[in-house]
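Engineer: turn this into a structure:
(one chain, ligands or ions: 1)
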Amino acid sequence: MPAPKNTFKQALKDGDPQIGCWLGLADPYIAEISAGAGFDWLLIDGEHAPNDLRSIVAQLQVIAGRPAHPVVRPPIGEVWMIKQLLDAGAQSLLVPMVETAEQARELVAAVTYPPHGLRGVGSALARASDFSGIADYLTTARDEICLLAQVENQKGMEALDDILAVEGLDGVFIGPSDLAADMGYIGQAGAPAVKTAVLDAMERIVDSGKAAGILTLDTELQEKCRDLGATFIATDIDVTLFARNMRASAERAGTLRKG
Ligand SMILES: O=C(O)C(=O)C[C@H](O)[C@@H](O)CO
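Structural biologist: Alright, predicted model coming up:
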């Protein structure tokens, strides 16, 4: 019995656009609601949300078997973190702040078992192998892991072509917020210079044959990235959805006080 089929990875290979949502509320209840909302994938954010391994596992558990595919973002691309997340059952990783091809090659090694990689062998204890229930996990896991790198500063953009040449990397995500900051436009991900850089990167990623991805709430940019061939596009964030609607609700309710 092989490792579970990574339908998200297959969809990216097939060029089928996958529409996702960021999960930053770090709660399995929210993840469960989101998993059936209609998104193709959900990003469990370990970088900017108060997630730890336990909360990530809890979200993986409630998303399992639901229509949406979980993509997990570690705080940074450390080998030990990746080992833990893969053993916890994450099959798709989005690793932030990738700046060099060497870094990308290290990440490929981190998701690959020896002799070709560095991933520690602990499947006997791992949720990923259904706690040893998947007899052929060790020899089939790698093919079902989707490794995505985030390029989100000028150093990474300058190295983009070299990063795209790294075998075993499935896709590159451009992070508009961090890229904007590094370009001198902090808080202005929609600045023309940033958008131009993002769209240029999208073209280069797609031309390389790898999957291109982004998170943007800008509907015009979402459409432009899709039209350029981007295939993993996150269009919203649970935190902002909730906060915006709570504030609006409180404002409406506040009118009751006036009598
Ligand atoms: O740089 C970006 O943009 C991202 O990587 C996404 C952000 O981390 C996310 O928190 C939304 O701002």
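Engineer: now the residue minimising distance to the centre of the chain, what's its secondary structure?
Structural biologist: Centroid-nearest residue in the chain: residue 94, 3.8 Å away (criterion: Cα atoms, centre = their mean). Following DSSP: H, G, I helix; E, B strand; the rest coil, the label given to residue 94 is strand.
Engineer: what do you get for the one 3 residues further on?
Structural biologist: For residue 97, the secondary-structure state derived from three-state DSSP is coil.
Engineer: pLDDT value on it, please?
Structural biologist: pLDDT for residue 97: 98.
Engineer: quick one, what contacts it?
Structural biologist: The contact partners of residue 97, by Cβ atoms under 8 Å, 6 or more residues apart in numbering, come to 76, 77, 150, 152, 153, 156, 178. All C-beta atoms are positioned from the backbone trio N, CA, C, and that covers glycine.
Engineer: how close does the first one sit to the ligand?
Structural biologist: Computed as Cβ to the nearest ligand atom, to the nearest Å, the residue 76 to the ligand distance reads 12 Å.
Engineer: that residue: neighbouring residues, count only.
Structural biologist: Other residues lying near residue 76 total 13 when counted by other Cβ atoms under 10 Å.
Engineer: before we move on, what about residue 194?
Structural biologist: 22.
Engineer: please apply the same query to residue 140.
Structural biologist: Residue 140: 15 neighbours (other Cβ under 10 Å).
Engineer: so what's it closest to, chain neighbours aside?
Structural biologist: Nearest non-adjacent residue to residue 140, counting by Cβ to Cβ, 6 or more residues apart in numbering: residue 2, 3.8 Å away.
Engineer: likewise for residue 194?
Structural biologist: Ranked by Cβ to Cβ, 6+ apart and with sequence neighbours excluded, the top spatial neighbour of residue 194 is residue 180, at 4.5 Å.
Engineer: equivalent analysis for residue 167, please.
Structural biologist: residue 108 (7.2 Å).
Engineer: how about the secondary structure of that neighbour?
Structural biologist: Going by three-state DSSP: residue 108 is helix.
Engineer: was I right about it contacting residue 165?
Structural biologist: No: judged on Cβ atoms under 8 Å, residue 108 makes no contact with residue 165 at a distance of 11.8 Å.
Engineer: looking at the two, which is more packed in?
Structural biologist: residue 108 (20 against 13).
Engineer: show me what contacts the more buried one?
Structural biologist: Contact analysis of residue 108 by Cβ under 8 Å, 6+ apart lists 117, 147, 166, 167, 168, 169.
Engineer: distance-wise, check it relative to residue 83.
Structural biologist: To residue 83, residue 108 is 14 Å away according to Cβ to Cβ, to the nearest Å.
Engineer: what does the stretch 101-250 of the chain put close to the ligand?
Structural biologist: Proximity of the stretch 101-250 of the chain to the ligand is confined to 150, 152, 175, 176, 177, 178, 215 under the rule Cβ under 6 Å from any ligand atom.
Engineer: count of residues packed around the closest residue to the second one other than its chain neighbours?
Structural biologist: Distances taken as Cβ to Cβ, 6+ apart place residue 175 nearest to residue 152, at 3.1 Å, with adjacent residues excluded. Here the neighbour count serves as a burial measure; for residue 175 (other Cβ under 10 Å) it reads 25.
Engineer: who's in contact with residue 175?
Structural biologist: 96, 150, 151, 152, 214, 215.
Engineer: and residue 200, that's in a strand?
Structural biologist: No: secondary structure of residue 200 (three-state DSSP): helix, not part of a strand.
Engineer: ok, now how distant is it from residue 48?
Structural biologist: Using Cβ to Cβ, we find residue 200 at a distance of 25 Å from residue 48.
Engineer: re earlier: and the residue nearest to residue 167, how far from the ligand?
Structural biologist: 20 Å.
Engineer: next one, pLDDT for that residue please.
Structural biologist: pLDDT, residue 108: 98.
Engineer: in the stretch 51-200 of the chain, which spans are strands?
Structural biologist: 69-73, 92-95, 146-151, 171-174 (DSSP state E, counting those that start in this stretch).
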